[in-house]
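[1] Below is the sequence, then the predicted model.
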Number of protein chains: 2
Amino acid sequence: MSDTPRFLAACRGERLDRPPLWLMRQAGRYMPEYQKVREAAGSFMNLCRTPDLCVEVTMQPIKRFGFDAAILFSDILVPAEAMGAEVEFVTGEGPKIRNPFRTEADLERFHSPDPREAAPYVFEAIRGIREVLGSETPLIGFVGAPFTLMCYMVEGGGSKNFEHTKELVLGRPELADKLIDLITTYSIEHAVAEIEAGAQAIQLFDTWAELLSPPAWRRFCLAPANRFFREVRARTSDAVPRIYFSKGGGAQLADLGEIESEVLSIDWRLDIGRAREALPGRVLQGNLDPLNLYAGPEATKRRTNEILAQTNGQQHVFNLGHGILPKTPHESVDALVEAVHNFRAE
Amino acid sequence: MSDTPRFLAACRGERLDRPPLWLMRQAGRYMPEYQKVREAAGSFMNLCRTPDLCVEVTMQPIKRFGFDAAILFSDILVPAEAMGAEVEFVTGEGPKIRNPFRTEADLERFHSPDPREAAPYVFEAIRGIREVLGSETPLIGFVGAPFTLMCYMVEGGGSKNFEHTKELVLGRPELADKLIDLITTYSIEHAVAEIEAGAQAIQLFDTWAELLSPPAWRRFCLAPANRFFREVRARTSDAVPRIYFSKGGGAQLADLGEIESEVLSIDWRLDIGRAREALPGRVLQGNLDPLNLYAGPEATKRRTNEILAQTNGQQHVFNLGHGILPKTPHESVDALVEAVHNFRAE
């Protein structure tokens, strides 16, 4: 075993006795200590904008569950706001953008500022987290993938069918290109600033990649993600692993190999053994169903062990297939942690 | 060209000059003439229960767009109601089941009656449709797939995460087996009765198949679907093609070949060329994104032609990748029909 932190060693494909473990959205509503800070902050966006509180909630799951990586507490709409979106969180309804992008003229309302000036609290939070985080626990930075961010900026919030976004990308693809280029430009700046402030890995969250048919996926997910990964790599250290998460990536499995990241994070619907076959040599992250934890500790342990047996814990960062959910019982998280910690590679 | 109707010839894999075309949910809210009948019926379930009105709305898209197959107008919750579910449609909220299945004791409340007595209007509608439908246009019958029906019966309606269903199938799989066996038993009876009344093909709609990880998919989607297909085939004519639709089937692409149906209907996220490679010799149905029609006639025609070029119209039933949506412009449907009708196989 090298003294490289387990998470970074796994991202580099090093042989390990057990895989590292962290959970998407691990600082979140399932933790009572998070709920307390969230209430004290007044609003969700206030929490995102207050570095001390971001440090506190980022550290909570590390202290409670001993995860092998921390992830910056922020929101994927922070970059949208920096670009000119008017973001608000309506309780029970999720994020809303009051000035969605719909026409060519809207290009004038969105821009790519210096993130250090537009969202300084993000980078202050990163510096604060690195100060308190042990050297064995790396900090992951993140941004929403360009297409996923575009979905929110065009739709103005979550949606069942994302009809405005679909109309834009399928009916006016040249205009969609302009918007996604702008988003990608800003996202690169934001990610570079996160890494400069101390983030040791970077994850792109392409939650809505599953909306698109293959040709649109290649144009609006694959191409912008690769531009992002290339430019971030050119401007930062080779030691910073890049992770691409797509929900629904199973439909594009044969093409996912073209994503230029060290790690591919897959959802729970895809068989990780088949993903390994289709993506030889690629480090995979995932892929326990977050709802599996609702079924209790025994069911969680059973499925965790199945996944571990499939990968033998190699070239594998253990994670969920999507973010952990608010009503997740802590006993199930404990069972997950125990199963991964007890695993020994053959 | 044989004088077999184009749709049935395609399901049998016969060589055709162009593929047949029909649309999932083709009798629906995007048609003003449907809206009129729907309003006159008072409630959605009233419409489902009135054979004359079912005949009328089933025929509307055939008359208006000349589709190559008709599909029985009914709802996937009609079998749930026949089994003992208390179904209501709340405007703006979709279907609700007031007495969802949650515990072992609930098994007593659900049963498998004779569909001809429990839902006679379905079979009367089928006989009525066959009387007015020309011989060149076959009638497709359908039921919801056992897992998808279970989702509604357990959850009590639509849901973001289907947490009750997940808890049941992952935490109490033996109880879930009992429920899904009962649903499968009734669904077989219902489908056999549809075919005996005059349905010339049968489609299983597994809309929520995409919720499950691979082991649960095999147990709760694949196995019940195959029991359904085998028993329906054993009790009806070999001339009745069987179609399996799954949303999100891309994640299970390598396993979809085990589904024992003549036709596999795939969603819009999967590349139909790759599906053809993975499922050699299988007739495929699909797979235009229903939202593509929102982007207008030109965008619809462009993508339709791409899909046609991939299959050369062989072993292919042209359809959407999911049901047509309420705000679909008729000009886009016209463009789709025209593109498929103008296509000539090489």
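    It's in. Numbers count the residues shown, from 1 in each chain, chains lettered A, B, ... in the order given.
[2] which element is residue A:27 on?
    For residue A:27, there is no enclosing helix or strand under DSSP states H and E.
[3] didn't it look like it was pressed against residue A:58?
    Yes - the pair residue A:27 / residue A:58 is scored as a contact, 5.5 Å apart, by CB atoms under 8 Å. For every residue, glycine as well, the C-beta is placed using N, CA and C.
[4] overlap in contacts of these two?
    Residues touching both residue A:27 and residue A:58 (CB atoms under 8 Å, 6 or more residues apart in numbering or on different chains): A:71, A:73.
[5] Next one: residue A:172 from residue B:304, what distance?
    As defined by CB to CB, to the nearest Å, residue A:172 lies at a distance of 18 Å from residue B:304.
[6] Looking at those two now, which is surrounded by more residues?
    Set residue A:172 next to residue B:304 and count neighbours by other CB atoms under 10 Å in any protein chain shown: residue B:304 wins out with 24 against 17.
[7] Wait, the more buried one touches residue B:337, no?
    No - Residue B:304 sits out of contact with residue B:337 when judged by CB under 8 Å, with a separation of 9.4 Å.
[8] next one: phi and psi at the residue nearest to residue A:248 when sequence neighbours are not counted?
    Distances taken as CB to CB, 6 or more residues apart in numbering or on different chains put residue A:210 closest to residue A:248, at 2.3 Å, once the chain neighbours are dropped. Residue A:210 adopts backbone torsions of phi -70, psi -10, taken as degrees, to the nearest 10.
[9] Which parts of the stretch 51-200 of chain A are strands?
    A:70-71, A:87-90, A:94-97, A:139-144 (DSSP state E, counting those that start in this stretch).
[10] Let me see the residues that make contact with stretch A:97-108.
    Outside of stretch A:97-108, the residues within contact range by CB under 8 Å, 6+ apart are A:77, A:80, A:84-88, A:109-110, A:150, A:152-157, A:164, A:168, A:175, A:178-179, A:182.
[11] Write a ChimeraX command that selects only the buried members of those.
    Listed next is the ChimeraX selection for buried residues among these, using 16 or more other CB atoms under 10 Å in any protein chain shown:
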select /A:77,80,84,85,87,110,150,152,153,154,155,156,157,164,168,175,179,182
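[12] Can you list the buried residues in stretch A:45-58?
    A:45, A:47-51, A:53-58.
[13] got JSON lines for those, with pLDDT too?
    Below are the buried residues of stretch A:45-58 laid out as JSON lines (pLDDT from 0 to 100):
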{"residue": "A:45", "pLDDT": "90"}
{"residue": "A:47", "pLDDT": "96"}
{"residue": "A:48", "pLDDT": "95"}
{"residue": "A:49", "pLDDT": "96"}
{"residue": "A:50", "pLDDT": "97"}
{"residue": "A:51", "pLDDT": "98"}
{"residue": "A:53", "pLDDT": "98"}
{"residue": "A:54", "pLDDT": "98"}
{"residue": "A:55", "pLDDT": "98"}
{"residue": "A:56", "pLDDT": "98"}
{"residue": "A:57", "pLDDT": "98"}
{"residue": "A:58", "pLDDT": "98"}
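[14] Give me the most central residue, chain A.
    residue A:205 (4.0 Å; CA atoms, centre = their mean).
[15] what about that one, which SS state?
    Of the three states, residue A:205 takes strand according to DSSP: H, G, I helix; E, B strand; the rest coil.
[16] That one is in contact with residue A:74, isn't it?
    No - in this structure, residue A:205 is not within contact of residue A:74 by CB under 8 Å, at 11.1 Å.
[17] what do the two both touch?
    Contact criterion CB under 8 Å, 6+ apart; residues shared by residue A:205 and residue A:74: residue A:142.
[18] ranking the strands of the stretch 51-200 of chain A by burial, who's on top?
    Of all these, strand A:70-71 has the most neighbours on average by mean count of other CB atoms under 10 Å in any protein chain shown, namely a mean of 26.
[19] and it, what's its mean pLDDT?
    This predicted structure assigns strand A:70-71 an average pLDDT of 98.
[20] now do stretch A:332-346
    Per-region confidence: stretch A:332-346 scores 98 on mean pLDDT.
[21] do stretch A:185-202 as well
    Averaged across stretch A:185-202, the pLDDT comes to 98.
[22] Same question for stretch A:121-141.
    97.
[23] Contacts for that stretch next, please.
    Under CB under 8 Å, 6+ apart, the answer for stretch A:121-141 is A:5-8, A:22, A:48-52, A:54-55, A:58-59, A:62, A:67-74, A:78, A:115-116, A:190-191, A:193-203, A:243.
[24] Just the ones of those residues in helices?
    A:6-8, A:48, A:51-52, A:54-55, A:58-59, A:62, A:78, A:115-116, A:190-191, A:193-197 (DSSP state H).
[25] Chain B contacts on the stretch 201-346 of chain A?
    For the stretch 201-346 of chain A, the residues in contact with chain B (CB under 8 Å from any CB of the partner chain) are A:210-215, A:217, A:248, A:250-254, A:267-271, A:274, A:287, A:289, A:291-292, A:294-296, A:298-299, A:303, A:306, A:321, A:325, A:327.
[26] and residue A:181, what does it touch?
    So residue A:181 contacts residue A:224 (CB under 8 Å, 6+ apart).
[27] ok, back up a step: write the ChimeraX selection for whichever of the ones in helices among the contacts of stretch A:121-141 are buried.
    If you want just the buried ones from the ones in helices among the contacts of stretch A:121-141 in ChimeraX, going by 16+ other CB under 10 Å, the selection is:
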select /A:6,7,8,48,51,54,55,58,59,62,78,115,190,191,193,194,195,197
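[28] Any idea how many residues pack against the residue nearest to residue A:94 when sequence neighbours are not counted?
    Counting by CB to CB, 6+ apart, residue A:94 lies nearest to residue A:158, which is 5.0 Å off, once chain neighbours are set aside. Using other CB under 10 Å, residue A:158 has 14 other residues around it.
[29] ok, residue A:158 - contacts?
    A:94-95, A:152 are the contacts of residue A:158 under CB under 8 Å, 6+ apart.
[30] Kindly provide the distance from the residue nearest to residue A:248 to residue B:191.
    From residue A:210 to residue B:191 the distance is 30 Å (CB to CB).
[31] Repeat that for residue A:26.
    45 Å.
[32] now do residue A:70
    53 Å.
[33] Please apply the same query to residue A:229.
    Relative to residue B:191, and taking CB to CB, residue A:229 is found at 49 Å.
[34] same thing with residue A:135?
    To residue B:191, residue A:135 is 62 Å away according to CB to CB.
[35] which residues does the closest residue to residue A:173 other than its chain neighbours contact?
    Leaving aside its sequence neighbours, residue A:173 sits nearest to residue A:219 (CB to CB, 6+ apart; 7.0 Å). Residue A:219 makes contact with A:169, A:173, A:177, according to CB under 8 Å, 6+ apart.
[36] Let me know how buried the first one is, in neighbour terms.
    Other residues near residue A:169 come to 28 when the count uses other CB under 10 Å.
[37] can you check the last one too?
    Burial of residue A:177 is recorded as 15 neighbouring residues (other CB under 10 Å).
[38] Tell me the confidence at it?
    On the pLDDT scale, residue A:177 gets 98.
[39] For residue A:320, give me phi and psi.
    Here residue A:320 shows phi and psi, under degrees, to the nearest 10, equal to phi -80, psi 170.
[40] What of residue A:136?
    Dihedral angles (degrees, to the nearest 10) for residue A:136: phi -80, psi -10.
[41] By mean pLDDT, flag the weakest helix or strand of chain A.
    strand A:87-90 (a mean of 86; mean pLDDT, DSSP states H and E).
[42] Please enumerate residues in contact with that strand?
    A:43-45, A:77, A:80-81, A:95-98.
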